[in-house]
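S.K.: next come a sequence and a model predicted from it.
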Amino acid sequence: MITKTINGKTPIIGDDCFIAENAVIVGEVTMGSQCSVWYNAVLRGDVHFIKMGNKVNVQDGAVIHATYKKSPTTIGNNVSIGHNAIVHGCTIHDNVLIGMGSIVMDDCIVESNSIIAAGAVVTKGTHVPSGTIFAGMPAKKIKDISPELSAGEIDRIAESYVMYSGWFKE
């Protein structure tokens, strides 16, 4: 794990977290417990803060950043950020799945129990209502989430990454 203090701000990593050896976490980054940051992921809290809740997994190659003095990044609890996703200067509420290769831009709000599909581009200022799936470029609502889909995808993936990270902590 590579951590670095920037402008007097040092990352704060919660209890029982797994951070891969080549993950980079710099500046004003705060994460809760049972989080995991996987290989080649970058969390760059150099220009504004990044705040993550509990049970957040940031998968391989994902980038989390913010906009200088304007748009911080806030991520709730039980959130999965897929491989190679970009989460930038936005707010992600609890129980959200950000799909592989998707992009969530500045000033977006992704409400709880939502899914951003793989490859989606959520353009600046988009509001994703609770319980919806957004997909496409630019991302638009494609349907509501059923309770079965929420449990089968959002919860399953978040719980799986807590389990996977345990393998690497042994």
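M.R.: Perfect, I can see it now.

S.K.: report the mean per-residue pLDDT for the helix ranked longest in the chain.
M.R.: Secondary structure assigned by DSSP state H gives helix 156-169 as the longest helix of the chain. Average pLDDT, helix 156-169: 94.

S.K.: please identify the buried residues of the helix or strand bottoming out on mean pLDDT in the chain?
M.R.: The least trusted helix or strand in the chain, going by mean pLDDT, DSSP states H and E, turns out to be helix 147-149, with a mean of 83. Neighbour counts over helix 147-149 (16 or more other C-beta atoms under 10 Å) mark L149 as buried. The way it works is simple: take the backbone N, C-alpha and C, and place the C-beta from them, glycine included.

S.K.: then stretch 127-142?
M.R.: In stretch 127-142, counting by 16+ other C-beta under 10 Å, buried: V128, G131, T132, I133, F134, A135, A139.

S.K.: same deal with stretch 30-46?
M.R.: Buried, per 16+ other C-beta under 10 Å, within stretch 30-46: 30-32, 34-38, 40-46.

S.K.: return the residues in contact with D155.
M.R.: Counting by C-beta atoms under 8 Å, 6 or more residues apart in numbering, D155 makes contact with N78, N95.

S.K.: any idea how far I50 is from the residue positioned nearest the centre of the chain?
M.R.: Nearest to the centroid of the C-alpha atoms of the chain, with distances taken as C-alpha atoms, centre = their mean, sits I81, at 4.2 Å. For I81, the distance to I50 equals 11 Å [C-beta to C-beta, to the nearest Å].

S.K.: which neighbours do these two have in common?
M.R.: Counting by C-beta under 8 Å, 6+ apart, the residues touching both I81 and I50 are I64, I75.

S.K.: and the longest strand for this structure?
M.R.: strand 42-52 (DSSP state E).

S.K.: ok now that strand, how far from the chain's centre?
M.R.: 11 Å (C-alpha atoms, centre = their mean, to the nearest Å).

S.K.: this completes my enquiry, with thanks.
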